[in-house]
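Visitor: Prediction below, plus the sequence it came from.
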Amino acid sequence: MFEGIPANIRSSDTSAGWYENAQKLMITGTIFQADGKTPAPNILIYYWHTDAKGLYSSRSGTNEKASQHGYLRGWVKSDSNGRYMIHTLRPAPYPKEKTPAHIHVLVKEPNISNPYYVDDLVFDEDPLLIEYRKNYPFEERGGNGILRVLLNGKIQVAEHDIILGLNIPNHPATKDLPKESGLSIGQDQPSFIPYHAYGPDKGSRACPVCKYGRYHGVIFYTGNQPNWPSIRQWLQFLERSAEQYKDSLKIYFVYGDERNYNASDRQQYLESLGKELQLQRTALTYVPSMHDEETEVYLNKIDPNVENTIIIYKYRRIVGKFINLSPTENNFKKIKTVIETSKGKYFGLMGLPHD
């Protein structure tokens, strides 16, 4: 990691690959503390990857002790806002292998002696990814490493945030944290197939992130402790938000009370609730329980005994999470703040097509 490291490291780095006749790739994002919310400055990132032929090739001047990493390597250090940026070329997969193209990343925190790996950065539309992921499930170290590439002219742009300590064994900031409802900020929002009782996909089993994962989504979960007066206020606020942001924000309510579950009763109740509140953009859905495997809602790891869990995602990546949040104006602002601050400069760009 430290072979050939420059004396002064900036928050932006440009590898030699940027100037080659190859696909340009820009990776940018924020490094956060373990809470997923507080920017982390002065975090050292070391990256390296293959060239456009899938090789860790060397060139004249390549550091001999780091030759196994090739010449496409570099360092960035997060700025005062935790931001970083890398300009390089898009790597190719290893020749004649089934490993998807990837970028290796090491993180060095100022107060921790040893650097640690985070998940390799891979590409969502890479045809090798799905099969590889089945055989080698991702650990989501530092967050999910899947890059969902956007197009800025001829340049491919990928936004990637890193959550310090996330899924890093014995990390001092996370080893004593209690388990919480829902997955962590930085992880991917899983696909699942609830029953749609009311809303745009009524009568279907549409997966929220599969069908509407490109921009922002808010999923409001309630399990065995539903507070219906509070839920009504939340649904009215979320409906107003959906109307404000139009097609760039989708809203889902997921009801998973396992006590006295009856599908017909749940269907009728949610239909009645949607009509009462005159909801048009909000999907009211239900599952038998928050641990149900048939709907795959269990993948979300929701604690059914909290009053509510609110997940906010952008392009499938979880960017905000709140537990037991009451419907006050201050808390409404918290939701809006996550949506606005997580948009970023490239929110409106088109993504790459893939199967």
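Guide: Perfect, I can see it now.

Visitor: So what pairs up with the residue lying closest to residue 157 once chain neighbours are set aside in the strands?
Guide: Sequence neighbours aside, residue 150 is the residue nearest to residue 157 in space, at 4.6 Å (criterion: CB to CB, 6 or more residues apart in numbering). (Each C-beta comes from the backbone N, C-alpha and C, glycine too.) When assigned by DSSP bridges, residue 150 has beta-bridge partners residue 157, residue 351.

Visitor: What is the burial count for residue 150?
Guide: 20 (other CB atoms under 10 Å).

Visitor: can you pull the contacts of it?
Guide: Residue 150 makes contact with 156-159, 346, 349-352, according to CB atoms under 8 Å, 6 or more residues apart in numbering.

Visitor: cool, residue 17 as well?
Guide: 51-52, 72, 88-89.

Visitor: backbone phi and psi for it, please?
Guide: phi -60, psi -20 (degrees, to the nearest 10).

Visitor: Repeat that for residue 326.
Guide: Dihedral pair for residue 326: phi -80, psi 160, per degrees, to the nearest 10.

Visitor: and the residue nearest to it when sequence neighbours are not counted, which of the three is it?
Guide: Setting aside the residues directly before and after it, residue 326 is nearest to residue 230 in space (CB to CB, 6+ apart), at 6.4 Å. Three-state assignment for residue 230 (DSSP: H, G, I helix; E, B strand; the rest coil): helix.

Visitor: same check, this time on residue 85
Guide: When classified by three-state DSSP, residue 85 comes out as strand.

Visitor: Quick check: bridge partners of it?
Guide: For residue 85, the beta-bridge partners are residue 12, residue 28 (DSSP bridges).

Visitor: Quick check: the closest residue to residue 146 other than its chain neighbours vs residue 24, distance?
Guide: Excluding the flanking residues, the one nearest residue 146 by CB to CB, 6+ apart is residue 124, at 5.2 Å. Distance, residue 124 to residue 24, by CB to CB, to the nearest Å: 18 Å.

Visitor: again, but for residue 268
Guide: In this view, residue 268 and residue 24 are 55 Å apart by CB to CB.

Visitor: So if I had to pick from the two, which one is more boxed in?
Guide: The neighbour comparison of residue 268 against residue 24 (other CB under 10 Å) goes to residue 24, with 18 against 12.

Visitor: didn't residue 98 look like it was pressed against residue 131?
Guide: Yes: counting by CB atoms under 8 Å, residue 131 is a contact partner of residue 98 at 6.8 Å.

Visitor: Considering helices and strands only, name the one in the protein with the lowest mean pLDDT.
Guide: For the chain, counting by mean pLDDT, DSSP states H and E, helix 208-212 ranks last in confidence among helices and strands (a mean of 82).

Visitor: Buried residues, that helix. List them.
Guide: Using 16 or more other CB atoms under 10 Å as the test for burial, helix 208-212 gives 208-209, 212.
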